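**Student:** I would like the atomic coordinates for the input below:
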Amino acid sequence: MKYLLIPLLFFVSLSYSFSQEQESETDDYSEYQNQIAPPPAKVSTVEEFDILFCEGCNTAEDKKYIFDYLVFSLFVKKITKKDLVFLKNINPNGRLSETLFFEFDSSGNLIKEGTESYFTIKKERAIIDSLLHKFPKIDFDETKIDSSFSSVRYGVKIDYKIIENDYGTLKIEKHQPDSSKDMPFKEIDEFPVYNGCNSSSNNTSLKQCMNSKIIRLIGENFSTNITSDIGLSPGNKKIYVNFTINKNGEIEGITARGPHPALEKEAIRVIGLVPKFDKPGYYGNEPVDVKYSIPIVFNIPE
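**Tutor:** Have a look, this model is predicted:
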């Protein structure tokens, strides 16, 4: 007898998360509300920075690097010691990892209404937003914009660590993940492109496309007849499958943990059918190995 197979997918992530706890109304940042759902994070492409003016910059990549440096410098120079202590205390390992949004008018002045972060904790968001609103005026290359240009919005991913030096002083430095090791999805800049998905889509769309295709592959190929042969008790069962999408876009290192060795073997076989990805995951300009984890959930009726 065949049973309904429902594959559910989730992504391994080392980034922090917080419950939306209510803070005292006496908090200095009480005007910020907790219930703000972050939009799909969209980091601007390198090419979108080409309209910036940067003396000595030869490529759009150079200009994006300078913009990223300005963002980092803003954090280093403007954040207070008190805020550093707060941010370090609420973030595991002192980590700040998020997408920030900056909007500028045609004169290069910051538009505060379009400049924001989406951190979960309201006080954290207030601290970060107050820094973003101090961003300096930028210059545009007039040869690369026309009269219809009114504003531009940049999405920039930050990944910083708050560390304590030998003298007990806190400081911010850029987090440098080891790209030689498997990286979780939250760490990477560009999602792997599953076979047949649109490579020009943003990360959110690529994730959704990959989800649907892997769900279909599991549903079409997993042999549910196995469950009738191994005498499992009724109820919901899970098989946890882990694998890596390597730098060549190929699946490797498949492992499984489930209620029976036969189910683990079948899960490994099915995931081995995942085709080579059209494009691997990227961190910066480098392809990286990416960790992925799937719980396959199915039900054995009474």
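
**Student:** List the buried residues in stretch 43-53.
**Tutor:** Neighbour counts over stretch 43-53 (16 or more other Cβ atoms under 10 Å) mark 43, 44, 48, 49, 50, 51, 52 as buried. C-beta here means a position set from N, CA and C on the backbone, and glycine is covered the same way.

**Student:** Also stretch 70-77?
**Tutor:** 71, 72, 75.

**Student:** which other residues reach it?
**Tutor:** By Cβ atoms under 8 Å, 6 or more residues apart in numbering, the residues outside stretch 70-77 that reach it are 100, 131-132, 134-136, 138, 156, 158, 160, 171-172, 174.

**Student:** Could you identify the most distant pair in the buried residues of stretch 43-53?
**Tutor:** 43 and 51 (16.8 Å; Cβ to Cβ).

**Student:** I'd say residue 51 and residue 141 touch.
**Tutor:** Yes - between residue 51 and residue 141 a contact is recorded at 5.8 Å, counting by Cβ atoms under 8 Å.

**Student:** need the strands for the chain, in chain order.
**Tutor:** With strands called from DSSP state E, the chain shows them at 5-7, 95-105, 151-164, 170-174, 235-245, 251-257, 281-283, 286-288, 290-300.

**Student:** is it possible to export these to JSON lines including mean pLDDT, mean neighbour count and distance to residue 111?
**Tutor:** Listed next are the strands of the chain as JSON lines, based on pLDDT from 0 to 100; neighbours: other Cβ atoms under 10 Å; distance: least, Cβ to Cβ, whole Å:
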{"stretch": "strand 5-7", "mean pLDDT": "39", "mean neighbour count": "17", "distance to residue 111": "44"}
{"stretch": "strand 95-105", "mean pLDDT": "90", "mean neighbour count": "19", "distance to residue 111": "4"}
{"stretch": "strand 151-164", "mean pLDDT": "90", "mean neighbour count": "17", "distance to residue 111": "6"}
{"stretch": "strand 170-174", "mean pLDDT": "87", "mean neighbour count": "14", "distance to residue 111": "25"}
{"stretch": "strand 235-245", "mean pLDDT": "87", "mean neighbour count": "17", "distance to residue 111": "38"}
{"stretch": "strand 251-257", "mean pLDDT": "92", "mean neighbour count": "15", "distance to residue 111": "44"}
{"stretch": "strand 281-283", "mean pLDDT": "83", "mean neighbour count": "20", "distance to residue 111": "30"}
{"stretch": "strand 286-288", "mean pLDDT": "83", "mean neighbour count": "19", "distance to residue 111": "33"}
{"stretch": "strand 290-300", "mean pLDDT": "82", "mean neighbour count": "19", "distance to residue 111": "35"}
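
**Student:** Identify whichever of those lies nearest to residue 122.
**Tutor:** Closest of those to residue 122 is strand 95-105, at 14.2 Å (criterion: Cβ to Cβ).

**Student:** give the contact list for residue 256.
**Tutor:** By Cβ under 8 Å, 6+ apart, the contact list for residue 256 reads 239, 240, 241, 242, 263, 264, 265, 267, 268, 271.

**Student:** isn't the third one right up against residue 271?
**Tutor:** Yes - proximity of residue 241 to residue 271 meets the contact threshold set by Cβ under 8 Å, at 5.6 Å.

**Student:** Which neighbours do the two have in common?
**Tutor:** Listed as contacting both residue 241 and residue 271 by Cβ under 8 Å, 6+ apart are 254, 256, 294.

**Student:** residue contacts, residue 173?
**Tutor:** By Cβ under 8 Å, 6+ apart, the neighbours of residue 173 are 160, 161, 163.

**Student:** Also residue 274?
**Tutor:** Going by Cβ under 8 Å, 6+ apart, residue 274 touches 214, 217, 251.

**Student:** Same check on residue 147?
**Tutor:** Residue 147 neighbours (Cβ under 8 Å, 6+ apart): none.

**Student:** gap between the two ends of stretch 190-203?
**Tutor:** From its first residue to its last, stretch 190-203 covers 6 Å (Cα to Cα, to the nearest Å).

**Student:** what about residue 215, how many neighbours?
**Tutor:** The local packing of residue 215 (other Cβ atoms under 10 Å) involves 17 other residues.

**Student:** From residue 218, how far out is residue 268?
**Tutor:** According to Cβ to Cβ, to the nearest Å, residue 268 and residue 218 sit 12 Å apart.

**Student:** Noted, bye for now.
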